[in-house]
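Q: Following is a predicted model, sequence given first.
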Amino acid sequence: MKTALIFTGGTIGSTQKNGRIAPDTQTSSALTGLIDAGHAQPFDFVCASPYMALSESLNGTRLNRLIACVREQMAAGAQAAIVFHGTDTLAYTAAALGYAFGNGSIPIVLVSANHPADDARSNAKANLFGALDFLTQTNAHGVFVVYKNRGNSVFVHRGTRLLEQAAFDDDVFSAAGQYFGRFTENGQFQKNPGYNEEKDELEPFADISFCENSGVLHFLPRPGMPLPAIAGDIKAVLLDSYHSGSIGTESRALQAFCREAQEKEIPIFLTGQKSSYESAAAFKKLHIQPLECLPPVSAYIKAWALSSTDCDWAKMTRSLGGDRILLNDDEL
């Protein structure tokens, strides 16, 4: 299987010197050597690197370079791609690739690590070998993330379903527990029987070029929080809800904010699950459009993609890359 190994830096592509972790171009040969020494399945590898950086420095230019690199490898005959990436913005890049390529593409698997690969505490080897096993054991298409949490087996996640990692924690989770599958103790991939997804309702954003300023104001209105004036470069607002899918719609600050957005004809979207609470009855009056069961990170990247193209906000509610999570009422 001709497989592109695409290196972008991040912890998995870094070494530690003088107490600091920084990207190291030598890690690409070390990681390929790790594969040669420890994985029996034959692969025809080709290596590429659109940039090298810590993932907290992700921006539109780097997303565009990565997407272009994947396209170049596909055009050159790659049957799969493994993208080495940092954990801080792993969910953002996975979503961007999911929207750029959809669910019909070759398998594109992102791998990262909680510590540099040469650190005994690192899950880099488990994640990388999990990605290779996933490619050999399945014929899945689209974008995935392979990651081993502490004290757990290796999980496979759909790229558009990741939650942002919690503070003080480097574990990776899918929204609503909707992971794609996991590996058993004997190394066999097992599809999650509870996983489901819609077919792509949108064509992938094939010619996407992320602008440097996303044009998307994204935040969670917290208790007592003063809300900002809406600047002239804002094209859409994305509000995160609390876990119940609700926000404090009684807040006068929020009400004034929503009025300002309406006057400026700026759409307001709300991420999170469908809310059955009384506060949700005000969404329509405040011109807040819920994006039921669309993960916040994916909603942000999708809005950024639309802000960079046609600003057709109706596409926010149409599925692409498996982003919309389908839940039964008894799961809410």
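A: Yes, it's here.
Q: and the longest helix for the chain?
A: helix 60-75 (DSSP state H).
Q: quick one, what contacts Leu239?
A: Each residue near Leu239 by Cβ atoms under 8 Å, 6 or more residues apart in numbering is listed here: 218-221, 247, 268-271, 288. No exception for glycine: its C-beta is placed from N, CA and C like everyone else's.
Q: I'd like those as TSV, with pLDDT appended.
A: Listed next are the contacts of Leu239 as TSV, based on pLDDT from 0 to 100:
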residue	pLDDT
His218	98
Phe219	97
Leu220	96
Pro221	95
Ile247	96
Ile268	98
Phe269	98
Leu270	98
Thr271	96
Ile288	98
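Q: mind listing what's buried in the longest helix of the chain?
A: By 16 or more other Cβ atoms under 10 Å, the buried positions in helix 60-75 come out as 60, 62-64, 66-67, 69-70, 73-74.
Q: Tell me the one of those residues nearest Pro42?
A: Gln73 (18.6 Å; Cβ to Cβ).
Q: And that closest one, how close does it get to Ile67?
A: Distance check for Gln73 against Ile67: by Cβ to Cβ, to the nearest Å, it reads 11 Å.
Q: The spatially most central residue of the chain: which element?
A: Closest to where the C-alpha atoms of the chain average out (Cα atoms, centre = their mean) is Ala91, at 2.7 Å. Assigned by DSSP states H and E, Ala91 belongs to helix 90-101.
Q: which residues are contacting the helix or strand following that helix?
A: Downstream of helix 90-101, the next assigned helix or strand under DSSP H and E is strand 108-111. If you take Cβ under 8 Å, 6+ apart as the criterion, strand 108-111 is touched by 12, 70, 80-85, 90, 93-94, 97, 101, 124, 127-128, 130-131, 134-135, 142-147, 159.
Q: who does strand 108-111 pair up with?
A: strand 80-84 (parallel), strand 143-148 (parallel) (DSSP bridges).
Q: CA atoms only for that strand, dumped as CSV, please.
A: The C-alpha trace of strand 108-111 is given here as CSV (Å, rounded to 0.1, in the frame of the first residue of the first chain):
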residue,chain,number,x,y,z
ILE,A,108,-6.2,9.9,6.0
VAL,A,109,-5.2,9.1,9.6
LEU,A,110,-3.8,11.6,12.1
VAL,A,111,-1.4,10.5,14.8
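Q: Tell me the helix or strand right after it.
A: That would be, after strand 108-111 and using DSSP H and E, helix 124-137.
Q: and that following helix, what other elements does it pack with?
A: Secondary structure elements in contact with helix 124-137, counted by 3 or more Cβ pairs under 8 Å, 6 or more residues apart in numbering; DSSP states H and E, are helix 27-38, strand 80-84, strand 108-111, strand 143-148, strand 154-158, strand 189-191.
Q: Sort out which residues of the last one are buried, please.
A: Neighbour counts over strand 189-191 (16+ other Cβ under 10 Å) mark Phe189 as buried.
Q: Distance from the chain centre to that strand, please.
A: 21 Å (Cα atoms, centre = their mean, to the nearest Å).
Q: Need the residues that contact that strand.
A: 133-134, 137-138, 156, 180-184.
Q: Got the phi and psi for the residue at the greatest distance from the centre of the chain?
A: Seen from the C-alpha centroid of the chain, the residue lying at the greatest distance (Cα atoms, centre = their mean) is Arg252, 33.2 Å away. Backbone torsions of Arg252, given as degrees, to the nearest 10, read phi -70, psi -30.
Q: end-to-end on stretch 237-256?
A: Stretch 237-256 has an end-to-end distance of 14 Å (Cα to Cα, to the nearest Å).
Q: Please apply the same query to stretch 12-28.
A: Stretch 12-28: ends 9 Å apart by Cα to Cα.
Q: Equivalent analysis for stretch 243-250, please.
A: End residues of stretch 243-250 are separated by 18 Å (Cα to Cα).
Q: What residues of it count as buried?
A: Buried, per 16+ other Cβ under 10 Å, within stretch 243-250: 245-247, 249.
Q: distance between that stretch and the chain's centre?
A: For stretch 243-250, the distance to the chain centre is 24 Å (Cα atoms, centre = their mean).
Q: who touches the strand or helix carrying Ser298?
A: Here Ser298 sits within helix 296-307, counting by DSSP H and E. With Cβ under 8 Å, 6+ apart as the contact definition, helix 296-307 has outside contacts at 60, 91-92, 95-96, 98-99, 160-164, 205, 208, 210-211, 214-216, 218, 235-236, 238, 240, 269, 271-272, 291, 294, 312-313, 315-316, 320-321, 323.
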